[in-house]
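Q: what follows is a predicted protein model with its sequence.
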Amino acid sequence: MGSAVITARAAATFDPVGRSVATARAFVRDTLQGWGYTDVVDDAVVLTSELVTNAVVHAGTAADVLCLRTEDGVRVEVSDHYPEREIPLQSAGLDFAGPDREGGRGLLLCAALASRWGVEYSPTQKHVWFQLDLPARPVGIRSAGPLLPVGLLPVTDERVRVAVVQIDSSGSIAAWNDDATYLFGHTADQVTGKQFTDFTAWPQTPGTNTGIADALRLSRWEGSYGIRAADGRTIQVYGSHLRVRDTEGEPSTVCLLVRDYERAVLQSPVRTPVSDAGTESRTTDPFEVFIGSPAPDDLDGLLQRTVERARDMLDADAAFLLLATDDETELEVRATTGLPSARQRFARVPVEAGTGRYGSARMPAVHEDLDAVPGAVPLLSDTGMRSVVTVPLKVEGRLTGSLGVAAEAAGRYSNEEALRLQFAADRIALAVESARLGELERLRRGSLSFLVEASDLLAGTLDRDQTLALMAQMTVPTLATWCAVYTIADQSSDPYLSYVLHEDEELIDGLKALLSKIAPPDPVPTPGARVWSAPSEAAHQAALRTSMRTIGLGDPGGLGAGIRTTLATAAAVGGETVVLPLVARNRVIGMLTLGKPSDDHFRQEILELAEDLSRRAALALDNARLYSERMAISQSLQRSLLPPGLPDVPNVEIEVIYRAAGEGNEVGGDFYDVFPIRDGAYGFAIGDVCGTGPEAAAVTGLARHALRLLAREGFSGPAVLERLNAAILDEGARSRFLTLLYGELWPQEDGSALLKVVCAGHPLPLRLQQDGTVEAAAEPQPLLGVIDDLELYEQTVTLEPGDVLLCVTDGVTERREGTRMLGDDGLADVLANCTGLTAGAVASRILRAVERFAAEPASDDMAILAMRVPVPQAAG
């Protein structure tokens, strides 16, 4: 670049894929616009597009793009990585080929558009560069407009206030000037360090459009949005954003903001190139003439640009654009300028607003004075607008939208203005419809993904409280700003406010307090969303009462904490609020309430998505309710099958540990019992019924109560079990086989204990002696509930002081880890190390050994019964 001083540089590398060409164009455009070199942006983008296409498409390699800024122009360098290319000889000429050939066209364009250009070869790269010089201008003039009469100059307030807000790389407010405080009511101390997005009213749709966070990262951005003021109002502003970096390279964004009706202060003039005299001008697209070039690449940007151009074209005070719903019965406000915030996006008006030609949005209409026909244009009611012209947007004869401009003075528009506006509407209708269909397709894809994820999350829990929390968290902030869930226990109960969530956690308590004071919505089973105005009306009244009290007190310190909270809550629920019924199994089990902040509305696609979500959430909530009821019943039944407590047996320690497997929703088949038979005699039992559930519970109840009854009638152990066996078989098809260890215990005067036991198909009891010896205390016999003629016998065991008798169910001995099993031998080894321990310590050590044997949770119920005869204490 000779002696030119490089004042800035930007570089990027693009992968060898087709979409990299568009990405490279955007990189160069943003870079040069950020540097203020708008005069050469178009040529630079065209040349970069051709050169990057050569690299990533034809050469099939990555492309390196370097932009260098000087005071007089810009140099762009594009390099590829194609080592197999033959290096030309110095004497070889460059063949540009023809303009219709792919190869060589980039160099041909460089020769035609660039001030200077060149090609450099190396064994690993081909390096193409071009220089674009800035057009010469008189010193001190960047751009200028014609002289205008005073009456045609833009209108502003007596003093123009320009808010200057600087946003750091994290999105936090770093600087806030006095004009910003004047316009919005927040002081610098109140906002510094907080996220700028907390104060912006920037409408977003899931899966579509550019958000405020994305806009703040662009090199330059201009447009309209809202700022939430300290008093809860949303103030429409026009903003000009510039991305800068400090001396240490840290990026930030400087935002200049004025009231929307003063946008002329900041708005960049549309640059229209002027061809040289005698030169034939190229054919221009009527769409680009109206919208400007480049056209916004997203629907919201295109609609906002449209209303701004329409307002300026007819010298109007306001403009609006509405899009038709799929059934063409309603129009949805999608872009406005110059109208109060109450006329914001997604408010809906009917297509047929009245009778006659001018009552339909399908035909052009001119109203010279709206005061003479109140309600003719519902969107403009109470806005101060008096004259208006509206025209339809149609594609292939189908109504797709409506474009209108309005003025505060009467008689401003005639059929001539209507024809001009209709001409413009015809130019943009197809582009708007194409962008709308693209947005709708993206929204539908996003909706499907959202519903799939929601279904997975809701199916992953059966806990009622967690289901309520998931319902709210999935809707906020994706679908709504705040959400409340009402539940109905039964048909005779009133709706109960069960969960409240707001995207701003500081407002949750105030919102919950407000909703608690008003009557809940009626539980109407009719599908679909219905508008509920009670929250916004209650919040407005509360804010008004608080304001009146503050005025009456003459608060010299400004707004107190109480009124700030009330105003914030009022702003939070001041927009549209809708209620969707939660219907499951033909019963209304609750309501899902969604809300927007002040003057904001839901779009129809969002309401349809919320309706789909409410159906899934209602079923999940009802499943959680049924599961909770079933689990409560199962746990109650399980407790009824176990003894309420253990009796005190003289000179014998008894400890029982019971662990049910699963989540508690199935009644287990393991049981135990220890009970007095008569003076000096006690019965004990531990058993396992085949299976789980109600059938197993029936056999368990039969066994436990039959054992007590028969033992107290004086029957011996074998006789008790034989009669129980007959009773089980009498159940027929409902019977289940049962393994059972039953015994009788007699404490002796010498400190020992006499036991008589019968082991019917159950894991054998183990006896631990004081010297650490472990042996089986009984012999195996047939289980119960299988054969009729059962002959059993009992065995006598004497527990000496210090001895332990351990009885367990098969959930202990059959504990597995892969192919390993604890088994009887493993249990005996654990028990052998329990000498000298109390019965409670023995049971705890056995349980701990079983749990540590495998990493996975136990899959079977476990019951552990330990009895120990204590060693008498020596006399002191």
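A: Yep, it's here.

Q: pull the longest strand from this structure.
A: With secondary structure taken from DSSP state E, the chain has its longest strand at strand 234-245.

Q: chain center to that strand, what's the gap?
A: 28 Å (C-alpha atoms, centre = their mean, to the nearest Å).

Q: and the very next helix or strand once past it, what does it pack onto?
A: Scanning forward in sequence from strand 234-245 by DSSP states H and E, the next helix or strand is strand 251-259. Here strand 251-259 is seen to pack against strand 163-168, helix 178-184, strand 234-245 when contacts are counted using 3 or more C-beta pairs under 8 Å, 6 or more residues apart in numbering; DSSP states H and E. C-betas here are computed from N, CA, C, even on glycine.

Q: can I get the CA coordinates of the first one in CSV?
A: The reference is to strand 163-168. Output in CSV follows, covering the C-alpha atoms of strand 163-168 (Å, rounded to 0.1, in the frame of the first residue of the first chain):
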residue,chain,number,x,y,z
ALA,A,163,-29.6,9.9,25.7
VAL,A,164,-26.0,8.5,25.5
VAL,A,165,-25.7,5.0,26.9
GLN,A,166,-22.6,2.9,26.8
ILE,A,167,-22.9,-0.9,27.1
ASP,A,168,-19.8,-3.0,27.9
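
Q: so, low pLDDT: which residues of the stretch 251-400 of the chain?
A: Counting by pLDDT under 70, the stretch 251-400 of the chain has low-confidence residues at 269-297, 326-328, 341-346, 352-360.

Q: how about 90 then?
A: Where the stretch 251-400 of the chain drops to pLDDT under 90, the residues are 260-318, 322-386, 390, 392, 394-400.

Q: same question for the stretch 451-600 of the chain.
A: Counting by pLDDT under 90, the stretch 451-600 of the chain contains low-confidence ranges at 451-481, 488-494, 503-577, 584-587, 589, 595-600.

Q: show me where it has its strands.
A: Taking DSSP state E, counting those that start in this stretch as the criterion, the stretch 451-600 of the chain contains strands spanning 482-487, 496-502, 530-531, 577-584, 587-595.

Q: tabulate these (TSV), appending distance to Tyr37 and mean neighbour count.
A: TSV is the format used below for the strands of the stretch 451-600 of the chain (distance: least, C-beta to C-beta, whole Å; neighbours: other C-beta atoms under 10 Å):
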stretch	distance to Tyr37	mean neighbour count
strand 482-487	45	24
strand 496-502	45	19
strand 530-531	51	12
strand 577-584	49	23
strand 587-595	46	23
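
Q: same list, those, but as JSON lines with distance to Arg815 please.
A: Rendered in JSON lines, the data for the strands of the stretch 451-600 of the chain read as follows (distance: least, C-beta to C-beta, whole Å):
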{"stretch": "strand 482-487", "distance to Arg815": "42"}
{"stretch": "strand 496-502", "distance to Arg815": "41"}
{"stretch": "strand 530-531", "distance to Arg815": "57"}
{"stretch": "strand 577-584", "distance to Arg815": "40"}
{"stretch": "strand 587-595", "distance to Arg815": "42"}
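
Q: of the helices and strands packed on strand 251-259, which is nearest Glu433?
A: Distance to Glu433, taken as C-beta to C-beta, is lowest for strand 234-245 among the helices and strands packed on strand 251-259, at 26.8 Å.

Q: which other helices and strands contact the closest one?
A: With contacts taken as 3+ C-beta pairs under 8 Å, 6+ apart, strand 234-245 sits against helix 178-184, helix 212-217, strand 220-228, strand 251-259.

Q: buried stuff in the second one?
A: So that's helix 212-217. Along helix 212-217, the positions that meet the burial threshold by neighbour count (16 or more other C-beta atoms under 10 Å) are 212, 215-217.

Q: now do the third one
A: Counting neighbours by 16+ other C-beta under 10 Å, one finds that the buried residues in strand 220-228 are 220-221, 223-228.

Q: just the strands in the stretch 601-750 of the chain please.
A: Per DSSP E, counting those that start in this stretch, the stretch 601-750 of the chain carries strands over the ranges 653-659, 670-678, 681-689, 738-747.

Q: ranking those by burial, who's on top?
A: When you average the neighbours per residue for each of the strands of the stretch 601-750 of the chain (mean count of other C-beta atoms under 10 Å), strand 681-689 leads with a mean of 25.
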